[in-house]
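Engineer: Have a look at this prediction, sequence included:
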Amino acid sequence: MEKLLEVSSLTAGYGDGPAILDGAHLSVEPGKIHCIIGPNGAGKSTLLKAICGMLKIRKGDVKFKGQSLKGLRPDQVLRKGICFVPQERALFPKMTVRENLRMGGFSLADKSGLEKRIDEIEERFPILRERRDQHAGTMSGGQQQTLAMARTLIIKPDIVMLDEPSLGLAPKIVAEMFDIMRLMAGEGITILLVEQNALTGLKNADWGVVLDLGRTLFEGPADEVLSDPRIQELYLGGKKAA
Amino acid sequence: MTSLDTNEVITARKAYYAGLAGEADKGRSVWFPIAVLALLLALPALQFTGNYNYLIHLVLFTASYVVMASGWNILGGFAGYISLGHNVFFAIGGYFAGMIFARYGISTIILAPLAGLVAAVFGYVIGLITLRVRGPSFIISSLALVMIFKILFDNWDFVGGSNGLSLPANDLPVQWAKLPYYYAFVVMAAFTVWASYRIRHSKFGLGLRAISKDEIKSESAGINTRFYKVLAFAISAFFVGMAGAVWGEYLTYIRPNIFLIILVSVNMVLMCILGGKGTVAGPVIGAILLVVFNEFFVATLGASEINIFATGMIMMLCLMFFPLGIVGTLARLKKLPRILNWD
Amino acid sequence: MGEIIQIVILGLALGGVYALMGSGLSLVFGVMRIVNLAHPSLIMGGAYVAYWGFKLYGVDPLIMLPVAVVILAATAVILYKLVFEREARSAKYSEMTVLLTFALAMVVEGALGTAFTNTQRVTSPDYATDAFFIGDVFIPKGQLYAGMVSLAIIGALALFLKYSRFGYAIRATTQNREAAELLGVNVNLVGLVSFAIGIGLAGAAGSLVSFVFSFYPSKHWEWIAILMSLVVLGGMGSILGTVLASLILSVIAAFVGTYFGATWSTLTFFVALFVVLMVRPQGLFGEKPELA
């Protein structure tokens, strides 16, 4: 099967600092939810940042639809069709919800359909319509995450990368976030997700990737990863999983 | 697929983190600073063989900057609060000791510790106010401080306003006239560097470094960050004030545009950056390099405007290509000679 | 009463000039998180452009203004490419960058001092020493023109930021640089253009300053603290705030100057800076643009 995104022996780090990622690889198949797990400092966020162009790729390559993304800026990667929602959710706190959605379409060359597209999204996420004139900074964590995820839909990307979307959210809200992700995947948007809470992440994903020590240790179907005893011991906190 | 053995992963993880942290060599070369100090104390014997007043002046000048830069480093290097207004304490020390010297004839060398304490008290009070802010606000407040003190000293008739005051010169024969100040500065420099080393390796110093890395986390780790910072400010002001005290008598006058010009502040900062901010040996090396460089520049080009240009240029290049300074860079490359490793 | 009106008018005119001096600084901080301590020294550069234009060719400083804008903006592009581009990439305030701009200020001062000496200069078109009289109140033409031109330029800037697509990108970058980048804004280009605009404004301010104050290269240190007080009080990054702070503080300074003497009028700005820092301990910088 044709790989949508292929990361091979990737080395990356911050500034002149040590390499956080060293030999990470990853392959992403269209329309599936991929979950990257691993301990703190394993390089999970670093991997997403390197893919989207926020960090320089020192060695190795990232190929999207067969084309290398090496050396592209984040705004250029976005225009290729990869959207990244970082941990901080990348909202504009002093802009209204509607303006934030409008900023989501900044990269579109043709703005004619933008307002209609925003209306559609507001229809799907009623909370955003309700809060449309409120400043994004005043919303709750779950609402902000919803806004950040909904906003990626404006440009209809191929891949949406999410860095710990569940961070700081109540379990019920986390479940809602995964519902949204499944909805997006159902529309053919590929999800690449980093999760600190490995169990929740894997249970909701199709494909699991274990990243540790800056490299990929294991990847496979999510249920296989979940049931592997070694992975349970190392990353899932004992045997209670499965 | 990579093999996945539990123990292997855990061992590898340890090695990975150790590699990221880097390990330290704890050996010290105590003989080196003692030898340097002995050499400097013996240096004036050269005067028996000829006129080495210029050399004496250069060492004295360097020592005075070692005191100031190492003092600055306690706040700016260890705690990470960059002050561009430390010449205020230089002025406070200078004026306090200078005024008493002018009125009661007590040598500023005797007064220096007291002048340092007065500067420290000012530092403490000013720190209480300005250390409530961090980052750019703090730097700007320190600049504003210089402006305020400049206006105050320029208009304070009791201390001679912008013309300042003349202080009597000592009546020693010319080849010995500089020596009291020379010894005062060399001893102060040795004391400052020793104090800086002790602070660096104390619980207090550890707290300051934690503050410079992440103040909020330090606070939640139980460090009384406010007290630590203010104390660092006061100690730092103490050393700078002490240097100021003797500097006035050495020059035989005190005047706002000697103490309160921006170049004095810049020199302290630049010496620390050049040598290695936050290290013990850095400010010393920075002071030596910058004084030598300045002498060379003034001797060849003269004009002070070019001097300002060159100082700014060095500082820019240093910050852009050499931000860790000499000691910091060598340490990072693991090539720091043991005689310079006091961190 | 006449005296009070007089003081207020003089204060406002001067405040207009300060507003322009400060707004470039504010813009650059907003977009790039750079506290540009070299801004006042670059204003000085603009003042020399206007001065020599008038002195050598008799060109009115108001006509030299666009020339100064272009020269300074071009300088800004070079500086950005050589010095600030990589700093801007970190998109975070850092002590190192402040020190870097501080060093740059020295370089500019040293260069201007070497080229033009530290002699006091002032551009002297006819209107600089002329005045309008309305009853007892006199309005110096120089200050009036300078203040009005300043406010007009700031108004144009505000319109540009509010309504143009590029202005939209600038505002987005100011609020959350990372987010703007991830939504397709070329933040490096935004940084470059904002820096050029900011320093261009310094050039414009310099031409106006050249006939309002006498100047010499090392005078920029005095301006740094004054301008910082304006932008801190106004909320760093907020141009409207800077304008308001300039007008208010300048009027207060004019009163202090009239009743206590000119020396103390500059002290108003520095004391105001301190008071703001004390009243809002986090400083007006303290407001984080990112969502927590």
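Structural biologist: Okay, I see it.
Engineer: model confidence over stretch A:34-49, on average?
Structural biologist: If you average the pLDDT over stretch A:34-49, you get 90.
Engineer: Return the set of buried residues in that stretch.
Structural biologist: Neighbour-count burial for stretch A:34-49, counted by 16 or more other Cβ atoms under 10 Å in any protein chain shown, picks out A:34-39, A:41-49. Quick note: C-beta positions are derived from backbone N, CA and C, even for glycine.
Engineer: Could you point out the helix or strand that follows the helix-or-strand element of chain C with minimal mean pLDDT?
Structural biologist: One helix or strand of chain C scores below all others by mean pLDDT, DSSP states H and E: helix C:85-90, with a mean of 70. Sequence-wise, the next helix or strand downstream of helix C:85-90 (DSSP states H and E) is helix C:95-116.
Engineer: mind listing what's buried in that following helix?
Structural biologist: Under the neighbour-count criterion of 16+ other Cβ under 10 Å, helix C:95-116 has C:95, C:97-114, C:116 buried.
Engineer: so how far is that helix off the chain centroid?
Structural biologist: 16 Å (Cα atoms, centre = their mean, to the nearest Å).
Engineer: ok, that helix near chain B or not?
Structural biologist: Yes - Helix C:95-116 is in contact with chain B by Cβ under 8 Å from any Cβ of the partner chain, via C:95-96, C:98-100, C:102-111, C:113-114.
Engineer: which residue ranges form the helices in chain A?
Structural biologist: A:44-52, A:74-80, A:97-104, A:114-124, A:126-130, A:141-152, A:171-186, A:198-203, A:222-227, A:229-235 (DSSP state H).
Engineer: Please name every helix or strand in contact with the first one.
Structural biologist: Looking back up the chat, that one is helix A:44-52. On a contact count with 3 or more Cβ pairs under 8 Å, 6 or more residues apart in numbering or on different chains; DSSP states H and E, helix A:44-52 meets strand A:5-13, strand A:19-28, strand A:33-37, helix A:74-80, strand A:82-85, strand A:159-163, strand A:190-194.
Engineer: about what we covered before: so which of the helices of chain A comes closest to B:A281?
Structural biologist: helix A:44-52 (34.2 Å; Cβ to Cβ).
Engineer: what angle do that closest one and strand A:190-194 make?
Structural biologist: 140 degrees (axes from the mean of the first three to the mean of the last three Cα atoms, to 10 degrees).
Engineer: now the angle from helix A:44-52 to strand A:19-28?
Structural biologist: Inter-element angle recorded for helix A:44-52 and strand A:19-28: 70 degrees (by the same axes, to 10 degrees).
Engineer: List the contacts of the residue in chain A that chain C sits nearest to.
Structural biologist: Nearest residue of chain A to chain C: A:S107, at 2.7 Å (Cβ to the nearest Cβ). By Cβ atoms under 8 Å, 6 or more residues apart in numbering or on different chains, the contact set of A:S107 is A:D75, A:L78, A:R79, A:I155, C:L183, C:G184.
Engineer: Chain B: which of those is nearest?
Structural biologist: Chain B has its nearest neighbour among the contacts of A:S107 in A:D75, at 25.9 Å by Cβ to the nearest Cβ.
Engineer: Do a quick rundown of the strands in chain C.
Structural biologist: C:131-134, C:137-140 (DSSP state E).
Engineer: What distance do you get for B:V327 to chain A?
Structural biologist: For B:V327, the distance to chain A equals 17 Å [Cβ to the nearest Cβ, to the nearest Å].
Engineer: Can you tell me which of the helices of chain A has the worst average pLDDT?
Structural biologist: helix A:229-235 (a mean of 85).
Engineer: Quick check: which helices or strands does that one pack against?
Structural biologist: For helix A:229-235, the packing partners by 3+ Cβ pairs under 8 Å, 6+ apart come out as strand A:207-212, helix B:6-21.
Engineer: Wait, A:L78 touches C:N186, no?
Structural biologist: No - A:L78 is not in contact with C:N186 according to Cβ atoms under 8 Å; the separation is 10.5 Å.
Engineer: ranges for the helices of the stretch 51-200 of chain B?
Structural biologist: Assignment of helices within the stretch 51-200 of chain B using DSSP state H, counting those that start in this stretch yields the ranges B:53-73, B:87-104, B:108-130, B:136-154, B:179-200.
Engineer: now the first one: how far from the chain's centre is it?
Structural biologist: Using Cα atoms, centre = their mean, the distance from the centre of helix B:53-73 to the centre of the chain it belongs to is 10 Å.
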